[in-house]
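S.K.: Got a sequence here, can you build the structure:
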Amino acid sequence: MKSEDTPFEGGPMDGRVLPVLLGVTGHPPKTYRIPVPAPDGGPPTVLVYRRVPRGRGKRLGLTQGWKYEYDPEGKSDSRLRWPWSKPDTTPGGKRDDTDE
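M.R.: Residues are numbered from 1 along each chain as shown. All right, here's what the predicted structure looks like:
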């Protein structure tokens, strides 16, 4: 399998570069989870990093590469998002529809 050296920013992995396996499209995964074992033998802490573009090209605006930024909340966002789907809630916490 092919891998790419990808930099990490923020959190405990700040400044490190790790080889990350690429998918069939040639991109690294959108989220990268790193389990860190607890010193007392308890459940491991999971560090979550999100993939963001490293930079844009000047001529065509294409992505130059990817990097990972630390996500301290580490929310799992694993459901599929289709363009025609309604969002679950609005930013204010109220439902999108007004039918009650």
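
S.K.: Mind telling me what element the closest residue to P44 other than its chain neighbours is part of?
M.R.: Leaving out its chain neighbours, the residue that sits closest to P44 by C-beta to C-beta, 6 or more residues apart in numbering is P35, at 4.3 Å. C-betas here are computed from N, CA, C, even on glycine. Using DSSP states H and E, P35 sits in strand 31-36.

S.K.: after that strand comes which helix or strand?
M.R.: strand 45-56.

S.K.: got the CA coordinates for that next one in PDB?
M.R.: In PDB, the C-alpha atoms belonging to strand 45-56 read as follows (Å, rounded to 0.1, in the frame of the first residue of the first chain):
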ATOM      1  CA  THR A  45      -7.400   8.100  25.700                       C
ATOM      2  CA  VAL A  46      -8.100   8.600  22.000                       C
ATOM      3  CA  LEU A  47      -6.600  11.700  20.200                       C
ATOM      4  CA  VAL A  48      -8.600  12.800  17.200                       C
ATOM      5  CA  TYR A  49      -7.000  14.700  14.300                       C
ATOM      6  CA  ARG A  50      -9.000  16.000  11.200                       C
ATOM      7  CA  ARG A  51      -7.600  16.300   7.700                       C
ATOM      8  CA  VAL A  52      -7.300  19.800   6.300                       C
ATOM      9  CA  PRO A  53      -5.600  21.100   3.100                       C
ATOM     10  CA  ARG A  54      -1.900  22.000   3.600                       C
ATOM     11  CA  GLY A  55      -2.000  24.700   0.900                       C
ATOM     12  CA  ARG A  56      -3.500  25.700  -2.400                       C
END
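
S.K.: neighbouring contacts of it?
M.R.: Strand 45-56 is contacted by residues 7-8, 11-13, 27-36, 38, 62-71, 73-74 when judged by C-beta atoms under 8 Å, 6 or more residues apart in numbering.

S.K.: Describe which strands that strand pairs with in its sheet and in which direction.
M.R.: Sheet pairing for strand 45-56, assigned by DSSP bridges, gives strand 31-36 (antiparallel), strand 63-70 (antiparallel).

S.K.: Nearest to M1, out of those strands?
M.R.: strand 31-36 (15.6 Å; C-beta to C-beta).
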